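Peer 1: Pasting the sequence and the predicted coordinates here, then a few questions.
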Amino acid sequence: DAGVIQSPRHEVTEMGQEVTLRCKPISGHNSLFWYRQTMMRGLELLIYFNNNVPIDDSGMPEDRFSAKMPNASFSTLKIQPSEPRDSAVYFCASSPQSQGTQPQHFGDGTRLSIL
Amino acid sequence: RKEVEQDPGPFNVPEGATVAFNCTYSNSASQSFFWYRQDCRKEPKLLMSVYSSGNEDGRFTAQLNRASQYISLLIRDSKLSDSATYLCVVNQAGTALIFGKGTTLSVSS
């Protein structure tokens, strides 16, 4: 079975550029989560969707960050304009439901470096 | 107070040792509890769920103390392959999972 698929695996770009991260959740999973991980702050939830609808975006750091889920099999996280402090590993995860009683399955992550 | 707190470690132990990790959570309404494992430069993966009565999976034992809002993970007979970061995870109903920053374990021969 295919797991959560993220792309790209690595992204290096200059500050000010737009960055788009992509995620395909596990088929049949209703909930999708975007996380950011850094050494200093650990794993932080940015936003999550339930049935393609954003439920909680309180973790999105600034208006420069936006996320969409146009259908059940695809989501994007966009940063525009990007800044060096956005450098981190961004994980997408999916779960059969968002109530938290089911564990989440993570993608391999996107390692983002903003120069 | 942070929602989920763990001793960051690192814990450095020899093969065969028994090691225990602790975790505390702040929200008494939390209902589900998990331990995840994360290898270096990899994604977090579910290690085991934590049940109220405590549960065991091979060399791994998880315990939950709701009164003290405390979760533990015990690893017996440590293997080199157990070297990783262990993340304590909790949630409340209707919310997403909340991850601790993790405890790093290094098992040496």
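Peer 2: Received, thanks. Residues are numbered from 1 along each chain as shown, chains lettered A, B, ... in the order given.

Peer 1: what helix or strand does the residue positioned nearest the centre of chain A sit in?
Peer 2: Geometric centre of chain A, nearest residue: A:Trp34, 3.0 Å, by CA atoms, centre = their mean. Element membership for A:Trp34, per DSSP states H and E: strand A:31-38.

Peer 1: And chain B, is that strand touching that?
Peer 2: Yes. With CB under 8 Å from any CB of the partner chain as the measure, strand A:31-38 is seen reaching chain B through A:Phe33, A:Tyr35. C-beta coordinates here come from the backbone N, C-alpha and C atoms, glycine included.

Peer 1: Can you dump the C-alpha atoms of that strand in CSV for me?
Peer 2: Output of strand A:31-38 as CSV, limited to C-alpha atoms (Å, rounded to 0.1, in the frame of the first residue of the first chain):
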residue,chain,number,x,y,z
SER,A,31,-7.8,13.8,7.8
LEU,A,32,-4.7,15.5,6.7
PHE,A,33,-2.1,17.3,8.8
TRP,A,34,0.8,19.6,8.0
TYR,A,35,3.7,19.8,10.5
ARG,A,36,7.0,21.7,10.7
GLN,A,37,9.9,20.3,12.6
THR,A,38,13.0,22.1,13.8
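
Peer 1: ok so, going back, from A:Pro25, how far off is the residue nearest to the centre of chain A?
Peer 2: As judged by CB to CB, to the nearest Å, A:Trp34 and A:Pro25 stand 11 Å apart.

Peer 1: related to what we said a few turns ago, nearest residue to the residue nearest to the centre of chain A in space, ignoring adjacent ones along the chain?
Peer 2: A:Leu46 (4.4 Å; CB to CB, 6 or more residues apart in numbering or on different chains).

Peer 1: quick one: contacts for that neighbour?
Peer 2: By CB atoms under 8 Å, 6 or more residues apart in numbering or on different chains, the residues touching A:Leu46 are A:Trp34, A:Tyr35, A:Arg36, A:Asp57, A:Gly59, A:Met60, A:Pro61, A:Phe65, A:Ala67, A:Leu77.

Peer 1: try it again with 6 Å
Peer 2: A:Trp34, A:Arg36, A:Gly59, A:Met60 (CB atoms under 6 Å, 6 or more residues apart in numbering or on different chains).

Peer 1: Now stretch A:73-80: average pLDDT?
Peer 2: Here stretch A:73-80 scores 97 as its mean pLDDT.
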